[in-house]
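Trainee: Sequence first, predicted model second:
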Amino acid sequence: MARPDMTRHANPTALLALAALSAVVLVWSTPLLWMAIAAFRPQNFGGLDMASLWPDFVPTLDNFAEALDSADFPLLYLNTVLVCLGTLAVQLTTVTLAGYAFARLRFRAKELVFYGFLLQLMLVPPILIVPNLVTITRLGLYDSLLGVMAPYFASAFGVFLMRQTFRTIPKDFEEAAIVDGATWWQLVWRVLVPLARPGMVAFGIVSVVSHWNEFLWPLMVVSTPDNQTLTIGLASFTMGAESASQWGVIAAGTFLVAAPLLAAFALFQRQFVNSFLFSGVK
Amino acid sequence: ATDIEMFFPVPVEGKLAKEMKNLMDRFNAEHPDIKATAVYTGSYDETNIKTRAAIKAGRPPAAVIMSANFVLEYQINGEIQPLDPLIQADGQTPDAFMGKFWPALHGNARFAGKVWAAPFHNSTPLLYFNADHFKAAGLDPNNPPKTWAEWVDAAKKLTVRDGDTVKRYGLMLPGNYDYLGWVMTALTMSNGGLYYNPEFGGEVFYDTPSMLGALTLVDNMAHKYKVMPDGVTDGKAVSTAFFAGQASMVVLSTGSLSFIRQNMKDNYGVAFVPRNLRNAVAIGGASLIMPKGLSDERRQASWTLIKWLTSPEISGHWSRFTGYFAPNKGAYELPEMKTFIAENPDAKVALDQLQYAQSWFATYNTVAVRKALEDEVQAVIAGKKKPAEALKAAQAKADDIMRPYVEQTALNLPN
Amino acid sequence: MAQIELTDVRKSFDTTEVIHGVDLSVAHGRFAVVVGPSGCGKSTLLRMVAGLEDVTAGSIRIGGRDVTGVEPKDRNVAMVFQNYALYPHLTVARNIAFGLELRGTPKDEIRRRVERAADILHLGGLLERKPRQLSGGQRQRVAMGRAIVREPDVFLFDEPLSNLDAKLRVTMRLEIKRLHEELGATSLYVTHDQVEAMTMGDVLVVMNGGYVEQIGAPLEVYERPASTFVASFIGSPPMNFLAAEVAGREARFGDKRLALAGHDAPSGRATLGIRPEHLVVDPETACLHLSVRMVEPQGAETIVHGVALDSPFTVRLPGIHHIRPHETLPLAARSEHLHLFDAEHGRRIG
Amino acid sequence: MAQIELTDVRKSFDTTEVIHGVDLSVAHGRFAVVVGPSGCGKSTLLRMVAGLEDVTAGSIRIGGRDVTGVEPKDRNVAMVFQNYALYPHLTVARNIAFGLELRGTPKDEIRRRVERAADILHLGGLLERKPRQLSGGQRQRVAMGRAIVREPDVFLFDEPLSNLDAKLRVTMRLEIKRLHEELGATSLYVTHDQVEAMTMGDVLVVMNGGYVEQIGAPLEVYERPASTFVASFIGSPPMNFLAAEVAGREARFGDKRLALAGHDAPSGRATLGIRPEHLVVDPETACLHLSVRMVEPQGAETIVHGVALDSPFTVRLPGIHHIRPHETLPLAARSEHLHLFDAEHGRRIG
Amino acid sequence: MVAEIEARVGLPTVLARRSAGRRSQLGRAALLLAPSLVFLAAFTYWPIGQVIGQALTIETFGSDTVGYGLGNFERLLADASFGRALLNNLVYALGTIVPSIAIALALAVGLQDATRFNAGLRTVVFFPVLLPLVAAAALFLFVFLPGIGLLDYYLARLGAGSTNWLGDPDIALWSLIGLTVWKNAGYYMLFFLAGLQAIPLDLYEAARLEGAGAWGRFRRITLPLLGPTLAFVLVIALVNVITQVDHVVVLTKGGPSDSTNLLLFYIYQQAHENYDYGKAAAATVLSVAGLLALSLLSLRTLERGIHYEA
Ligand SMILES: Nc1ncnc2c1ncn2[C@@H]1O[C@H](COP(=O)(O)OP(=O)(O)OP(=O)(O)O)[C@@H](O)[C@H]1O
Ligand SMILES: Nc1ncnc2c1ncn2[C@@H]1O[C@H](COP(=O)(O)OP(=O)(O)OP(=O)(O)O)[C@@H](O)[C@H]1O
Ligand SMILES: [Mg+2]
Ligand SMILES: [Mg+2]
C-alpha cells in the first residue's frame, strides 16, 4: 500500500531526519559491505588495509572455493532445508490449531494455559541441552534430523502470532461457512487457515531464519556427518580456537550460508512486511 | 563391521575436518571389520559439552579427541575408562605404551596410577617474530631473544611510535580465556614456577613469587615499557596483527605454525618462549579418550582406532598437515618426517622446545579455576589492578572453587 | 414448504435479556422484513434462526421441523451478511461453490449450479475474479449467489445493502426483490432502513428494544401504526405528534379543535399523530400554523421543518415550493389521516 | 471574508489526470456541495483545498490569499473525514481540544471553547469517553466538534454522513445545516448522495469523471439539468429517458407525439427526459402506457417500475396506490416538465 | 452424525444445547491444544520440572545427592559472579532494548513508504538478522579488531585513535551492546512497520490540518497508537536479552575479567564448565520467573491496547 509522502515539503526537520536515516543505514550496511568485499578479496595476510571497503583488487573466488572445500555443502544445504521445512510444517499444524483454540474457543483456565505456553519462550537453551538430549535419545531420535526438529515442534511464539492473526479475522467468515454447512475442521482448514496465511508467512520467516542459523542444538543431536547442517559446516572453519584469521574465507562461508535467506528476503520483503501487517501483530 | 564414532574438534582450520575424513576412510579401508566415523563436534569446549551430553543420554561415542587438560575431570567424574586393560591385553605394559610418547605428554595422560588417554596432537607456545622488523630495528633474526631481559630489550626496539600513539607493537600476547592461561603457565614455568600441582587436582600456585614475577613482566610490557597493547587481545587478533605487521613478536601455539608458514608474507622466525630462570612451557593439544559404557566389541574397535591414530606413521602425517607436533616419538624416525624437519627448520624449533615442556594445567573444575586467574590477569593487562593484589584474589577464588573437591579428598581426614 | 415459526423466543447474553419473547410466523415463500433501530435485537433474532446463536428459551421451527437445537448446517438456511463475508482467497466461482463443495456435491452439478446462479445474477464475466477486484454492488451479488446456489429452504439477510451507496442501494433492493419473486424461497430480511422495509417486505416486523411492536403488511403498518414508536419509525420524515385532549368526536390542542371522523377514541389526554405528507397548505381550513425553521427542497418534493404549538413539526409538500425560513404556513389535515395514541404508553387508540 | 476560489485546478496521480481543470468559486458563508458518482474526483478536489494533496496545475485561493503551496495547518481550514478520524487513544474532550493544544492555546481558553462546542453539539455527557465508546452519530458529532472548536475560515466535509444509518443521516444532515447557519463559515461538502446534495447545498457542484458538469442552486440544477448525466444523478428515482425525434414544436416517440410548448429545440434526434414524479395516471391525456413490473409502496408515495416503449420507466405517485405487476398504467406528462438533450452528447438542448 | 442429532433432539432442548455448547468447546480445545502440549510436555515442561528439581537438589562433586533445599539459591545469591552477570545483563538489557527499539521505530517510520528504494534499505537493515551466529561472531572479531579492524580503520580516518573494543573491560560490554543493537533493530523494525500500517492515514491528515508538524504527529499519534506493538516488541526484546545472547558470549566468552558475562553465559558456565548443575538450575529458575513476570506485564498492556480498535 503506497502511503503519501508525509515529508514532501522539504524543511529542516525533514532533511535532518533524512540525514539521520542515511547515517543509520550507512552504519548498518558497512559490516555487510565489508563482508561482501572481503569474500572476494584475494587472501591478504600482509596489508593494513584489510578493512578497506574499496575493492582495489581483482576479485577472486578462491575464498568461496576454499570454504566450499571445507565441507560437503550440497548435503549441508539439503539437511538444513529439510530441518527448516520439516520443523515449519509441523509447527504450522500445531501452531494453527492451538492459535485457533486460544483465539476462538471458550474454555476454563484459558489464560493460564496460554501463559503456560509462553513459558517456552523464556527458557534458556544451555539448560535444555542435557534433558532434551535424554528425551530425544529415549525417543530413538538421537543422531537424526528429526531429533534436531522435535523440540521445536511446539512454538509459543507461533501460537501467539496465530492467535493474534485469528483474532483479526472477522467472525463473519466463520459464520458464513457454518451456515454454508462447514464442520469445524472444514472451518479451520478451508476458511481460517487460508485467511491466516499472512500470519503463517510471518511466523515462517521467524522460524526458518532461526533454525537455519541454529548451531548448538544440531551439533549436540547429530553425529553422523550425513546429518549435519550448514552452521556446523561453517563452524569448522570459523570457530577454530587456535586458528589464524582467514577473514576472507569466513566471509565467503557466511555468504554461502546466508545467501538463500538473503535472496529470499530481498525478493519477497514486501510480502514479508505485509504478512507481518496482516498477522495481527500491531 | 563394528560401527564406531569418534568426536573431534577442529582447533585450527576448516581443512582439518576434511583431512580427518580422509584419515577415517583410510582407516576403514585398512580395517574392513570396523566402520569408524569421525564426527566434527565444534570447538574444544563444544566437543566437551557434546561428549558429556551424549554420555548422559546413554550414547557415548567410542572415542573422543579431547582437550588434554579436560581429561582429569572425566577421570574425577568417573566418565572415562582406563586404557590399561586394553594395553595389557595387547601384551604390553602401560610403561611401554606411554614410553612411545614424549615425556612432556605423560602428565596429562597418565595419572592416578592409570593411563586415561593417548596423546593425539600436541602443541606448545612459541615465540614468533617478524625477521624483517628485526633487521630494521638492528636486531639479529638469527639470534632471537632468549631471556626476559633480551625480550624486553627487543620489544622496546621493535615498538614504533608516532608521538603518543603506537604504530607497531613490539610484542603481543593472546589474552582471551584459555589461551591466556596457557601463556601464563609458560611464563610462570619459565620463571621457575609450577602453576598447579600436577599430582593433586585441588591445588594451584597462583599467589607465588614465580607467578608474581611472570605477571609483573606482563604488566611492565603493557604499562611500564608500553611495548604491548593495553587491554586484552584475542588470539585471532594477535595472529592478524602479526600478519599485518602490526606486531613484531607474538606468542602463539605451534598449532599455528603451518598456517603462518603458508601465508606470512614477511620473513619470520620462531624461537623458544624466553626464560627468566629456566626454559619451560606447558604442552597443549588433545588426547584420545574412551568413555565408559562401551560394549566389548566397540571398545576393542575404538582401541584399534586409537592405536592406529597414534601410530608413528599417522601421527607424523597429521603433524605435517596441521603443524602440531607428533606425540609419538617414533614419528620422527620416519624418513618423510626427517625430510620435513630438514625442510622446515621452524618445526624443529618446536620439537626442540618439547624437551623442556611439562604437563598442562588440569584440576578439579579446570575451566573455572583457570578462569579465576585469567580474570585477574586480564584486569592487570587492562591496567585495573596491580599484579600482587590480582594474584591474591585469583588464589582465593580458585581455592573457593576447589573447596568441595579438597574437602572430599585432601582434607577428608580420618577421625 | 418452509415456513418459519418462532414461539416465545428469548435470548439472554450472560444475564441480560435482549430478546424478550418473540412470536413470529412467516408463511412459505413470503418475504418478511425485520426493521427497528440499532441495538433492538434484529441481528440476534436472525442469528438465532440461522443457528449461530443459541436460543435461551422458546422454540424455532422451519418447515414444521423443530430446529431449536440443530446445528446451522443442518437447517438448510442461507445467509447474506452485512459485509458479505466473501472469502478473499477464493475466486467468485469458488466462493459461490464453497457451500456445495463442503457438502461434497459432484463437480458437474456444482458447475451447473454456479453457472445458473451467475446467470441469474449477471455475474458471468466475473467468475474468475477475486472479491477484492469487485465493486460493492458486485460483491453484494456474489454474496447473493453464494446463498442461492445452495437452494436453501430459507434465506436470511442481515442488512445486506447497508454498505452500498444510495444509488446502488435502490438498484440492489429491486434486484433482491426480483430474485425473491423468481426463487420464491421464504426470506427473513433485517434492516434499519424503513424505506427498504416498506418497499421490500410482504410482511413487516417492527422491533424495538427486544420486543416486536407490530407485525403486518407494509402499508397496513404505515396506515395503522400500532404505537407512536412504529409511527415515527416507519415513514420519512417521521410522523408529527401533538399532545391533545380527546373529547367525544373532537380533538383539542392549543386553541384549535379537529373533528375526529371515524375514530373511536376514549375521551381524555392523548397523542395526536399526523404524517408530514398528509398536511396541506390551506389558509382556509388551516388548523395549525407552522413557523418555518428550515426548508429542504428535494426536487420532487419539499420538506419544511418548523415548530407548531411548541412541538417540532415537519411538512412534506409535493413539488417545488419557494418557502423561506420565518414564514408561517397555515396547515390543514384531513380527519382520516389523523392517528391517536394513548398519552402514556403510546399505544394506538384510534 | 473567506470565499474559496479554484482557478483551472488540475490534478494528476503519476501520469493519470483525474481532475481536468476545475473553476469554482464559493462566496463567503455559502455552503457548497460537491456531488458525483464514486471515483469522479470529489475527495481529491476537497483534499487539494485542504492542502492534503498537491495541486498539479492551477491555483487555490482562500479569502483572497493564494494558498496553493501553503501547508495545511496554515490554511485555517477544518475538515470532517468520512471515518471521522477520531484519535482512538484520546477522550472526546482531548480529541476536540487537540488542534488547540497544538497551537498552544491557554488551558482555560481550551476548556471554555471545548465546553461551548460540546454545548452546541449536545456532547455534554460524553466528554470523558473514548471514541470506541460512542455510537456512530456521536462520533460524527465529535468530529464536528473538533472542526468547529478551531473557528476556521473554511469547513471541509468528505462524506461525513455516509457511515450513518438512514434515520441518523436525516437527523445529522439537519444538524449540520443548523450549525452552518449558526456559524456562517464557508463550507465545502462532498457527498455522493443526491438527497444530501439537494437539501443541504446553497450551491451544487455536480462532478463527473474529473469534470464539473454543472454548478448552480439545487433547484436550478433539478429543474434545468445541464446534461443527461446531471438529470439522472440528481433526483430519485432518476429521470426517465426516451429516444425521440424533434420536429418543430413536437416530439415523436413510438407512435406518440407530444407538444413541446416553450421548448426551443432544433429538429432532429434527441433524448427526451421526464422525471418519475412528473407523470400522472390519466387515461384521457395519456401519451405513454407503462407495463408494470414492480411496485414499491413507500407510504407517502408509491414507486412503480415498469417498461414503456421498450425502455425501463419509473413513475412516482404520491400516496398509496394498489397497483399490481402486469397492469398497464396510462401516463400523461405536462409539456413544461419535459427535458430535451442532444442525442449524442447528452447536453441540454431545451 | 444423524444419531447424534436425534439424540439431541430427544433431550429437553435447552439442556441439550447448554451442555453441547460448553462441553464440545472444552473438548475441542483439548483436541486442538494436544499436539502442542505433547511437544511442550516433552521439551519444555519436563525440562522445567527437572530444572526445578535440580535447583532444589543439593549435590557434592561427582553428582552425589546429599539433600534437598534452597542451598543452591543461597550459593547462587552469594556468588559474586552471579551478581556481576545480573548487573551486566541489566546494563545490557537497558543498553540494547532502548536504542534498538528507538532505532527500529525510527527506521520503520523512515522506511514505511513501500518504494523500491526503501525496500532495499529495509533489506539492508534486516540482513543482520539473517546472519548465522557462528559466522557473525568471527566477523565481528574483525570489525572490533584494534587498529586494523573495520571500526578502527574508519575511525582512524576521522582522527580517532585505536580502541581495544573487546579487550578493555570498560568498553567491551558497550561494544557488544552496539553489536546487539545492530543485529536486532531490523527484526524489531519489521514489527513496527506492520504496526504503522495499521494506523489509519486519515488520523495523520486530521492532525496535519490541525497544525501538527512531523514530530507532533509522531509523538501524539504514532507513538500512542503503536502502544500494542511496542508492548509486543518489548516482550520479544526482553526475552532476547536473556535467551538470545550467543553472539555475545561466543565473541568474548564473558571476558575480559567477567565484564561481559551475562546471565545466560553464567548459566552455561555453571552447567557446562563447572558442572554445577544445581547453581545453573537455580539461576535458570530465577531468570525464567523474572522474564515471565516482566512479559506478563507487557502482554497485559498489549491486550489492553487492542481495544483501541473500535
Ligand atoms: N455477543 C453478545 N454479547 C453480549 N451482548 C450482545 C451480543 N450480541 C449482541 N448483544 C446485545 O444485544 C442487543 C441486540 O443486538 P443486535 O446486534 O441484535 O442488534 P441489531 O438490532 O442487529 O442492531 P444493529 O442495527 O446495530 O445491527 C444489543 O444491545 C447488543 O449490545
Ligand atoms: N493516491 C492516489 N493515487 C492514484 N490515484 C488516486 C489516488 N487517489 C485517488 N485516485 C484516483 O483518482 C480518482 C478520483 O478519486 P477520488 O477519491 O477523488 O474519488 P471520489 O469522487 O472521492 O470517490 P468516492 O465517492 O468513491 O470517494 C479515482 O479514479 C481514484 O482511483
Ligand atoms: Mg445487526
Ligand atoms: Mg471520496
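Mentor: Ah, there it is. Numbers count the residues shown, from 1 in each chain, chains lettered A, B, ... in the order given. Ligands and ions are numbered 1, 2, ... in the order given.
Trainee: For the stretch 101-250 of chain B, which segments count as helices?
Mentor: Ranges of helices in the stretch 101-250 of chain B, per DSSP state H, counting those that start in this stretch, are B:131-136, B:148-158, B:179-190, B:209-219, B:235-243.
Trainee: name the helices or strands packed onto the longest one?
Mentor: Pointing back at helix B:179-190 there. When contacts are defined as 3 or more Cβ pairs under 8 Å, 6 or more residues apart in numbering or on different chains; DSSP states H and E, helix B:179-190 sits against strand B:125-130, helix B:209-219, strand B:247-253, strand B:281-282, helix B:366-381. (C-beta placed from N, C-alpha, C; glycine too.)
Trainee: one step back: which among the helices of the stretch 101-250 of chain B is found nearest to residue B:329?
Mentor: helix B:179-190 (21.9 Å; Cβ to Cβ).
Trainee: Surely residue B:51 and residue B:7 touch.
Mentor: Yes: counting by Cβ atoms under 8 Å, residue B:51 touches residue B:7, with 5.8 Å between them.
Trainee: More neighbours: those two, which one.
Mentor: residue B:7 (26 against 23; other Cβ atoms under 10 Å in any protein chain shown).
Trainee: ok, the more buried one touching residue B:60?
Mentor: No: applying Cβ under 8 Å as the test, residue B:7 and residue B:60 come out as separate, 9.8 Å apart.
Trainee: which neighbours do the two share?
Mentor: B:51, B:54 (Cβ atoms under 8 Å, 6 or more residues apart in numbering or on different chains).
Trainee: picking up where we left off before, let me have the helices of the stretch 101-250 of chain B in CSV, adding mean pLDDT and mean neighbour count as columns.
Mentor: Listed next are those as CSV, based on pLDDT from 0 to 100; neighbours: other Cβ atoms under 10 Å in any protein chain shown:
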stretch, mean pLDDT, mean neighbour count
helix B:131-136, 94, 18
helix B:148-158, 95, 19
helix B:179-190, 94, 26
helix B:209-219, 96, 21
helix B:235-243, 87, 27
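Trainee: would you list these in JSON lines and tack on distance to ligand 1?
Mentor: JSON lines is the format used below for those (distance: least, Cβ to the nearest ligand atom, whole Å):
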{"stretch": "helix B:131-136", "distance to ligand 1": "83"}
{"stretch": "helix B:148-158", "distance to ligand 1": "82"}
{"stretch": "helix B:179-190", "distance to ligand 1": "68"}
{"stretch": "helix B:209-219", "distance to ligand 1": "75"}
{"stretch": "helix B:235-243", "distance to ligand 1": "64"}
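Trainee: TSV please, covering those helices and showing distance to residue C:11.
Mentor: Listed next are the helices of the stretch 101-250 of chain B as TSV, based on distance: least, Cβ to Cβ, whole Å:
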stretch	distance to residue C:11
helix B:131-136	93
helix B:148-158	92
helix B:179-190	77
helix B:209-219	85
helix B:235-243	74
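Trainee: remind me which residues of chain E are low pLDDT?
Mentor: Along chain E, segments meeting pLDDT under 70 span E:1-24, E:61-64, E:302-310.
Trainee: now the strands for it?
Mentor: Counting by DSSP state E, chain E has strands at residues E:57-60, E:64-68.
Trainee: now, of these, which is deepest in the fold?
Mentor: Highest mean neighbour count of those: strand E:57-60, a mean of 16 (counted as mean count of other Cβ atoms under 10 Å in any protein chain shown).
Trainee: Show me what that one is packed against.
Mentor: Going by 3+ Cβ pairs under 8 Å, 6+ apart, strand E:57-60 lies up against strand E:64-68, helix E:71-78, helix E:277-306.
Trainee: partner strands of that strand, parallel or antiparallel?
Mentor: Note on strand E:57-60: by DSSP bridges, its sheet partners are strand E:64-68 (antiparallel).
Trainee: what angle sits between the partner strand and helix E:277-306?
Mentor: 50 degrees (axes from the mean of the first three to the mean of the last three Cα atoms, to 10 degrees).
Trainee: Which residues outside strand E:64-68 are in contact with it?
Mentor: E:56, E:57, E:58, E:59, E:60.
Trainee: Now with 10 Å, please.
Mentor: Applying Cβ atoms under 10 Å, 6 or more residues apart in numbering or on different chains, the set of residues contacting strand E:64-68 from outside is B:408, E:53, E:56, E:57, E:58, E:59, E:60, E:278.
Trainee: Please tabulate those in TSV, including the columns distance to ligand 2.
Mentor: Formatted as TSV, these follow (distance: Cβ to the nearest ligand atom, whole Å):
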residue	distance to ligand 2
B:408	79
E:53	62
E:56	64
E:57	66
E:58	70
E:59	69
E:60	74
E:278	64
